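J.: Here is my input, please return the structure:
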Amino acid sequence: MPLPHLLLLLVIMGFWGTNFVVQFWAVHLVPPTLFATLRFAAVALPLVFFLPKPSVSWRLLIGYAATSFTIQFTLLFLALSWGMPPGLASLVMQSQVFFTLLLLVLMGSERPGALQWFGILLGGLGMVLVASGLGEGASLLAFAMTLSAAFFWGIGNVFTKKMGSVNAGELVVWGSAIGAIGLFPISLWLDGRQAWGEAIGMLIDGHPMLWACLIFNAYGASIIGYGGWAWLLSRHPAGKVVPFTLLVPFFGMGSAALLLDEAVPRGAWLGVAMVIIGLLLNQLPKTAARPASDRDHSTP
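T.: Modelled structure (predicted):
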């Protein structure tokens, strides 16, 4: 892989990993569902008026938008606002790899090899250790919501797989538009007009932190991240590109430690290591079948 392409991959992983910290800041400025709506709207506008609808059925497109965007990010943002450490969230969200594979097995479209099954078991046990190291109360509830977000990301990956070959830019922009349309009435009901009025006022007044979080999410993590990811996948085998997603938790936990002084609980370190090894095992080549993560190119 040429050095510029390798550097682009590292930049994308940096965007995706660091974005967990940025999202943590954002949901402490405005309500989680409100920020999710703003993020999707910022990705969609004005591009949705210039890019054609992806050449997939409305059923698949709405299913993808509902699971990969609306539900996934609502759960994740709520978890971050309720006490989930953003560094560990970047790790827990990678369990979408395990959920995607298990869903494909249940659908009869994937036959895991022994290493895959061992990786899933090891990763699952690691998640239990991570949860046990968080403590009680809000942290455990937030952990469960983060894990649920990863599950819906896995469902979104299944929708992506069923679409076949599709333009990633069109898919992200139209999926974001559908996500924003679906979330706006929910946010208006949950957060109220006053919260929306305050958020819009902050944007009009040029609130630096809110604008920075919104631009980082919409253009850094979504447009540059997804666009660059699709561009790289079109020029290199997926097996050479997808394993770089293992760097997301390292960027996530590293940025959380640097910017938030977040320390991984001592009892969770073994679980972190087990999850990373489990993810790595699911990236290794197998004779029985290709891993789901090699086929599903969607990433947070």
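J.: Quick check: which ranges of the stretch 1-150 of the chain have low pLDDT?
T.: 109-110, 133-138 (pLDDT under 70).
J.: So which residues of it form helices?
T.: Using DSSP state H, counting those that start in this stretch, the helices of the stretch 1-150 of the chain run over 3-26, 32-44, 58-64, 72-81, 86-92, 96-106, 114-132, 138-163.
J.: Switch the ones you listed over to CSV; also include mean neighbour count and distance to residue 206.
T.: To be clear about C-beta, it is placed using only N, CA and C from the backbone, and glycine gets the same treatment. Shown next, in CSV, are the helices of the stretch 1-150 of the chain (neighbours: other CB atoms under 10 Å; distance: least, CB to CB, whole Å):
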stretch, mean neighbour count, distance to residue 206
helix 3-26, 20, 16
helix 32-44, 25, 15
helix 58-64, 18, 34
helix 72-81, 25, 23
helix 86-92, 28, 25
helix 96-106, 22, 36
helix 114-132, 19, 39
helix 138-163, 21, 31
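J.: Let me know which of the ones you listed is the nearest to residue 246.
T.: Closest of the helices of the stretch 1-150 of the chain to residue 246 is helix 3-26, at 8.8 Å (criterion: CB to CB).
J.: distance between that closest one and the chain's centre?
T.: 12 Å (CA atoms, centre = their mean, to the nearest Å).
J.: tell me the angle it makes with helix 72-81.
T.: 60 degrees (axes from the mean of the first three to the mean of the last three CA atoms, to 10 degrees).
J.: report the angle between the axes of helix 3-26 and helix 32-44?
T.: 150 degrees.
J.: Which neighbouring elements make contact with helix 3-26?
T.: Identification of packing neighbours for helix 3-26 by 3 or more CB pairs under 8 Å, 6 or more residues apart in numbering; DSSP states H and E yields helix 72-81, helix 86-92, helix 208-215, helix 225-233, helix 248-260.
J.: one step back: can the helices of the stretch 1-150 of the chain go into a markdown table with extra columns for distance to residue 264?
T.: Output for these, formatted as a markdown table (distance: least, CB to CB, whole Å):
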| stretch | distance to residue 264 |
| --- | --- |
| helix 3-26 | 14 |
| helix 32-44 | 23 |
| helix 58-64 | 33 |
| helix 72-81 | 16 |
| helix 86-92 | 7 |
| helix 96-106 | 20 |
| helix 114-132 | 9 |
| helix 138-163 | 13 |
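J.: Skip the chain neighbours and tell me the closest residue to residue 147.
T.: Among residues not flanking residue 147 along the chain, residue 92 sits closest, at 6.0 Å (CB to CB, 6 or more residues apart in numbering).
J.: Ok, which of the helices of the stretch 1-150 of the chain comes nearest residue 236?
T.: helix 3-26 (7.1 Å).
J.: returning to that earlier point: residue 281 is nearest to which of the helices of the stretch 1-150 of the chain?
T.: helix 114-132 (3.3 Å).
J.: can you list contacts of the closest one?
T.: For helix 114-132, contacts defined as CB atoms under 8 Å, 6 or more residues apart in numbering pick out 88, 91-92, 95, 97-98, 101-102, 112, 140, 143, 147, 267-268, 270-282, 284, 286, 288-289, 291.
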